[in-house]
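**Student:** predicted model and sequence below, questions to follow.
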Number of protein chains: 2
Amino acid sequence: MSIKYVMLGFLSETPLTGYDLKKKFSESEVFYWSGNNNQIYKTLVELHDEKLVTIEVRQQDSKPPRKIYTITERGLAALRQWLLVPAELPQFRSALLVKLTWADQLEPHELSTLLTTYETELQDHLVMLREQARRNSADTAAPRRSFGRRIADHWISFYEQDLAWVQALRHDLDTA
Amino acid sequence: MSIKYVMLGFLSETPLTGYDLKKKFSESEVFYWSGNNNQIYKTLVELHDEKLVTIEVRQQDSKPPRKIYTITERGLAALRQWLLVPAELPQFRSALLVKLTWADQLEPHELSTLLTTYETELQDHLVMLREQARRNSADTAAPRRSFGRRIADHWISFYEQDLAWVQALRHDLDTA
DNA sequence: GGTGCCATGTAATGGGTTACATGATTGC
DNA sequence: GCAATCATGTAACCCATTACATGGCACC
């Protein structure tokens, strides 16, 4: 799965600049790309070459000109076509689970520190995600069939489940 | 997080060849690298250069020679040091959640097909994972503080949660 | 005769990251 | 004076992927 279609997706809602797209990527983890300049500006050129978007340059005084990208009919068709391709299964990457495989290489107190640190970080992250979800669901006046809030909640539930697991593990280790 | 330390981890259990390591990566999704030749053989050279492993070449008649890699004291120390570094938070990458963001671009029956296909694939995958977990927990006579089974179960629960979510979504769409 | 396992490795490519570069404006 | 926002883009690099290459043996 490439970032290309996700950018088309955003552009299907409203015309945007590269800068705007960058922000879109940083606003939600579900769009898991870093949204770095290199990729975005290169991909925009690509999208334009394939006539999936049009460019409108708008000059601004004392600011760099904005290049506003608008999706074309072909772009919308390409997006739809991509949406119809069966979605690959989710990928989970947990550094903790990998490390715990060799937990026996650590002293009990070292293991305990590892878990506690992780737990704290997870909790902080969850606070952030919940805040984000709250904000996003507030301003988006739910369009007919968009699952924004539902998706965000599901996302959060992955972390919640992970948190519960670590807590249970820590509890078991403490009582043993 | 690089594949390097994971390879050291495997080598901390027992000496292995590059070929063996490849298999280790394919045996469990938790070790999420593809385990392709390029990376493994290159990394083994690197590990050897850094004196984290030693090489023993064993000739075999009518088969290519095996290069058996054994972890050194320095290797074990490097592994431990890596284990102590706080684990990054897990990363989830769900193509489905990304696509559903633009679900309104699809006809109801197209959306339905998308979800059903995904659900079926998930279920198949779960069957495979459960089988894998069963096999792995059978032959590993649980060492003192290794969480193999626990880790596998947690892994499975991520997919189960995802499955439940899709099923709930599909149910809601059907009844609406 | 074809597939799969053993066992090593290389080549080409793709996808993604960080960091660099410019430059004005606003706010602390 | 410093950081952040707006807004574009480039350079260097790293990690990972697929595919290619070799070659014998076992099994159906």
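**Tutor:** Cool, the structure landed.
**Student:** just give the nearest non-adjacent residue to A:Ser157, would you?
**Tutor:** B:Gln161 (6.4 Å; CB to CB, 6 or more residues apart in numbering or on different chains). C-beta: built from backbone N, CA, C; applies to glycine.
**Student:** please, which helix or strand holds that neighbour?
**Tutor:** Using DSSP states H and E, B:Gln161 maps to helix B:148-175.
**Student:** for that helix, the distance to its chain's centre please.
**Tutor:** Chain-centre distance of helix B:148-175: 18 Å, with CA atoms, centre = their mean, to the nearest Å.
**Student:** ok and that helix relative to helix A:148-175, angle-wise?
**Tutor:** Counting by axes from the mean of the first three to the mean of the last three CA atoms, to 10 degrees, helix B:148-175 lies at 160 degrees to helix A:148-175.
**Student:** re earlier: run through the residues that contact the residue nearest to A:Ser157.
**Tutor:** By CB atoms under 8 Å, 6 or more residues apart in numbering or on different chains, B:Gln161 lies in contact with A:Ser157, A:Phe158, A:Gln161.
**Student:** ok, these vs A:Trp33, which is closest?
**Tutor:** For these, the minimum distance to A:Trp33 (CB to CB) is 18.0 Å, reached by A:Phe158.
**Student:** and the closest one, how many neighbours does it have?
**Tutor:** For A:Phe158, the neighbour count with other CB atoms under 10 Å in any protein chain shown is 19.
**Student:** separation between it and A:Leu122?
**Tutor:** According to CB to CB, to the nearest Å, A:Phe158 and A:Leu122 sit 11 Å apart.
**Student:** and if you look at A:Met128?
**Tutor:** Distance, A:Met128 to A:Leu122, using CB to CB: 11 Å.
**Student:** of the two, who's got more company?
**Tutor:** Neighbours were counted for A:Met128 and for A:Leu122 using other CB under 10 Å; A:Leu122 has more, 19 against 11.
**Student:** wait, the more buried one sits on A:Val166?
**Tutor:** Yes: here A:Leu122 reaches A:Val166: they are 7.0 Å apart, a contact under CB atoms under 8 Å.
**Student:** returning to what we had before: and the pLDDT for the residue nearest to A:Ser157?
**Tutor:** Confidence at B:Gln161, expressed as pLDDT, is 98.
**Student:** from A:Leu44, how far out is A:Ser2?
**Tutor:** Taking CB to CB as the measure, A:Ser2 and A:Leu44 are separated by 13 Å.
**Student:** comparing these two, which shows the higher neighbour count?
**Tutor:** Neighbour totals were compared for A:Ser2 and A:Leu44, and A:Leu44 leads with 21 against 11 (other CB under 10 Å).
**Student:** in contact with the more buried one, which residues are there?
**Tutor:** Contacts for A:Leu44 (CB under 8 Å, 6+ apart) come out as A:Met7, A:Gly18, A:Leu21, A:Val53, A:Lys67, A:Tyr69.
**Student:** what number of residues lie near A:Met7?
**Tutor:** Using other CB under 10 Å, A:Met7 has 30 neighbouring residues.
**Student:** and the pLDDT at A:Phe158?
**Tutor:** A:Phe158 is assigned a pLDDT of 97 by the prediction.
**Student:** which SS state does the residue lying closest to A:Gln167 once chain neighbours are set aside fall under?
**Tutor:** Excluding the flanking residues, the one nearest A:Gln167 by CB to CB, 6+ apart is A:Glu119, at 6.6 Å. Under DSSP: H, G, I helix; E, B strand; the rest coil, A:Glu119 falls in the helix class.
**Student:** surely A:Glu119 is in contact with A:Trp165?
**Tutor:** No: shown here, A:Glu119 and A:Trp165 do not form a contact pair, counting by CB under 8 Å, at 10.2 Å.
**Student:** host element of the one residue in chain A that gets nearest to DNA strand D?
**Tutor:** Of the residues in chain A, the one nearest DNA strand D is A:Tyr19, at a distance of 3.0 Å by CB to the nearest atom of the strand. Assigned by DSSP H and E, A:Tyr19 belongs to helix A:18-27.
**Student:** which SSE is immediately downstream of that helix?
**Tutor:** Counting by DSSP H and E, the next helix or strand C-terminal to helix A:18-27 is helix A:37-49.
**Student:** report the buried residues of that following helix.
**Tutor:** By neighbour count on 16 or more other CB atoms under 10 Å in any protein chain shown, the buried set for helix A:37-49 is A:Gln39, A:Ile40, A:Thr43, A:Leu44, A:Leu47.
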